[in-house]
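Chemist: Okay, predicted coordinates and the sequence, questions at the end:
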Amino acid sequence: MPSIRRVTACVRTTALEPLMTQTIAGAEALPPARSLTAILALACGLIVANIYYAQPLAGPIGAALGLPPQATGLVVTFTQIGYGLGLLFIVPLGDLLENRRLVLTLLGLTTLALIGAGLSTAPSQFFAAALLIGVASVAVQVLVPYAAHLAPEAERGRVVGEVMSGLMLGIMLSRPISSFIAEMAGWPVVFESAAAAMLLLMVLLRRTLPPHRPAAGLHYGQLLASMGRLLLTTPVLRRRALYHAGLFSAFSLFWTTVPLLLAGPEYRLSQGGIALFALFGVSGAIAAPIAGRIADRGWTRPATALAIFAVAASFLLAHLSAHGSSVGLVLLGLAAILLDFGLSANMTLGQRAIFSLGAAYRGRLNGLYMAIFFVGGALGSALGGWAFAHGGWALASWLGMALPTAALIYFATEQ
């Protein structure tokens, strides 16, 4: 009889081990339910959109706040600075603090910052709110490695890809949505609506996300100090970050200069027309889950080459017809789709690669990865504005093609 009890206990323990692991260690043994993956994708899209709402509204916001025309770029710059700081100093906390609580805290700060931006009547008020929006919106980069924690190795690419598709949709839809809302109700309503969305999201995530507490380890100071060592000793991280820096710089250059081209004498599109054009790129988000599944099959290297090549080829596609014609506009739209497809695919491939390096430091790896290519994006925006001012779309687009081409040459040296 005692032996039967022991056998029964052993069977029960064995059967419960995956569930125990899921509860205690963040569900690393079992894939998350489809509904939870969809919630994470929705959350990533809503949060990341906060960073981009102001981009097409820099002119109206600057005019309302009394900024001189040459300083309107600061409307976007402060959010970017905040996001970069958050990537380096907040995202690593995902390796130290319970993830759900960290995300909810950041969403609370994001909500306050969005309300502050909508109520701003002076540049200093808006800049402070924009900085906090950027810092707190790095919650999205806590959720992505959190999703990787939930997934087993064999399905990690699929789960990360599906979550990243939500993030990419948030980036691509944020600009046209903010343009449409501002045109109908004014730019403050954009931020007020985003704040309401964050409140609803907090309630949803509080009820649905399982807790994930990292294993006890480093203190915060040690955590930050370890990031330098990780960068120096992890060639996969360096390579993937630099590949994507080349692609993200081209992406930022494209979406900085294309609105100028479309509003110019060749096409003479209105703000609403430019917003509709931005919807072309939305279809590129489907590349993320596809790339994730490809990575799960072990085909990361050829998929990376194809993704980088797609971004370079998108700029060439935009030169196949004279600008100002309907054919030229269609080709420009196809270029946007191809560009966003390559960018989405490569981002997912990169995160799948770095998340496979170890669960204990996924937050730090993701923070470094994002920070490096985010610098590339800022550089691309600056180069695009300069190139368009000095040589129009021709100079800007050839420069845009050179950036992923450089990444492709660097990729060719991978052993």
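Modeler: Noted; the coordinates are in hand.
Chemist: What values do phi and psi take at residue 322?
Modeler: Main-chain torsions, residue 322, degrees, to the nearest 10: phi -70, psi 140.
Chemist: check contacts around it.
Modeler: By C-beta atoms under 8 Å, 6 or more residues apart in numbering, the residues touching residue 322 are residue 328. C-betas here are computed from N, CA, C, even on glycine.
Chemist: Counting neighbours, what do you get for residue 185?
Modeler: 12 (other C-beta atoms under 10 Å).
Chemist: Quick check: it vs residue 64, distance?
Modeler: Shown here: residue 185 relative to residue 64, a distance of 14 Å by C-beta to C-beta, to the nearest Å.
Chemist: What of residue 323?
Modeler: 32 Å.
Chemist: Kindly report the same for residue 184.
Modeler: When residue 184 is compared with residue 64 (using C-beta to C-beta), they lie 16 Å apart.
Chemist: Sketch out the low-pLDDT regions of the stretch 151-300 of the chain for me.
Modeler: 216-217, 271 (pLDDT under 70).
Chemist: what about the helices in it?
Modeler: For the stretch 151-300 of the chain, the helices defined by DSSP state H, counting those that start in this stretch occupy 156-185, 187-208, 220-233, 235-263, 271-278, 287-296, 300-317.
Chemist: ok, now the stretch 1-150 of the chain?
Modeler: Under DSSP H, counting those that start in this stretch, the stretch 1-150 of the chain gives helices at 2-25, 34-52, 58-65, 74-89, 99-119, 123-136, 139-150.
Chemist: Just send these back as JSON lines, with mean pLDDT too.
Modeler: Below are those laid out as JSON lines (pLDDT from 0 to 100):
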{"stretch": "helix 2-25", "mean pLDDT": "36"}
{"stretch": "helix 34-52", "mean pLDDT": "92"}
{"stretch": "helix 58-65", "mean pLDDT": "84"}
{"stretch": "helix 74-89", "mean pLDDT": "85"}
{"stretch": "helix 99-119", "mean pLDDT": "97"}
{"stretch": "helix 123-136", "mean pLDDT": "95"}
{"stretch": "helix 139-150", "mean pLDDT": "89"}
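Chemist: hey, which of these is tucked in deepest?
Modeler: Among the helices of the stretch 1-150 of the chain, helix 139-150 has the highest mean neighbour count (mean count of other C-beta atoms under 10 Å), at a mean of 26.
Chemist: list the contacts for the closest residue to residue 218 other than its chain neighbours?
Modeler: Excluding its sequence neighbours, the residue lying closest to residue 218 (C-beta to C-beta, 6 or more residues apart in numbering) is residue 226, at 6.4 Å. Each residue near residue 226 by C-beta under 8 Å, 6+ apart is listed here: 218, 361, 364.
Chemist: Going by distance to residue 42, which of these wins?
Modeler: Ranked by distance to residue 42 (C-beta to C-beta), the contacts of residue 226 are led by residue 364 at 25.8 Å.
Chemist: ok, the closest one to residue 407 distance?
Modeler: Taking C-beta to C-beta as the measure, residue 364 falls 23 Å from residue 407.
Chemist: wait, doesn't residue 167 sit right on residue 41?
Modeler: Yes: assessed by C-beta atoms under 8 Å, residue 167 is found in contact with residue 41 at 7.5 Å.
Chemist: Distance to residue 71 for the contacts of residue 226 - can I get that in a markdown table?
Modeler: Compiled in a markdown table, the contacts of residue 226 are given as follows (distance: C-beta to C-beta, whole Å):
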| residue | distance to residue 71 |
| --- | --- |
| 218 | 41 |
| 361 | 40 |
| 364 | 35 |
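Chemist: from those, which is closest to residue 59?
Modeler: Using C-beta to C-beta, those come closest to residue 59 at residue 364, 37.9 Å.
Chemist: Contact partners for the closest residue in space to residue 355 that isn't next to it in sequence?
Modeler: Nearest residue to residue 355, sequence neighbours excluded (C-beta to C-beta, 6+ apart): residue 148, at 4.2 Å. Applying C-beta under 8 Å, 6+ apart, we find residue 148 in contact with 156, 159-160, 351, 355, 359, 362.
Chemist: what's the answer for residue 196, then?
Modeler: No contacts exist for residue 196 under C-beta under 8 Å, 6+ apart.
Chemist: how close does it get to residue 204?
Modeler: Distance from residue 196 to residue 204, by C-beta to C-beta: 13 Å.
Chemist: what do you get for residue 273?
Modeler: The gap separating residue 273 from residue 204 is 34 Å, by C-beta to C-beta.
Chemist: roughly how far out does stretch 274-290 sit from the chain middle?
Modeler: Stretch 274-290 sits 14 Å away from the centroid of its parent chain (C-alpha atoms, centre = their mean, to the nearest Å).
Chemist: Buried residues of that stretch, list them for me.
Modeler: 274-275, 277-278, 280-290 (16 or more other C-beta atoms under 10 Å).
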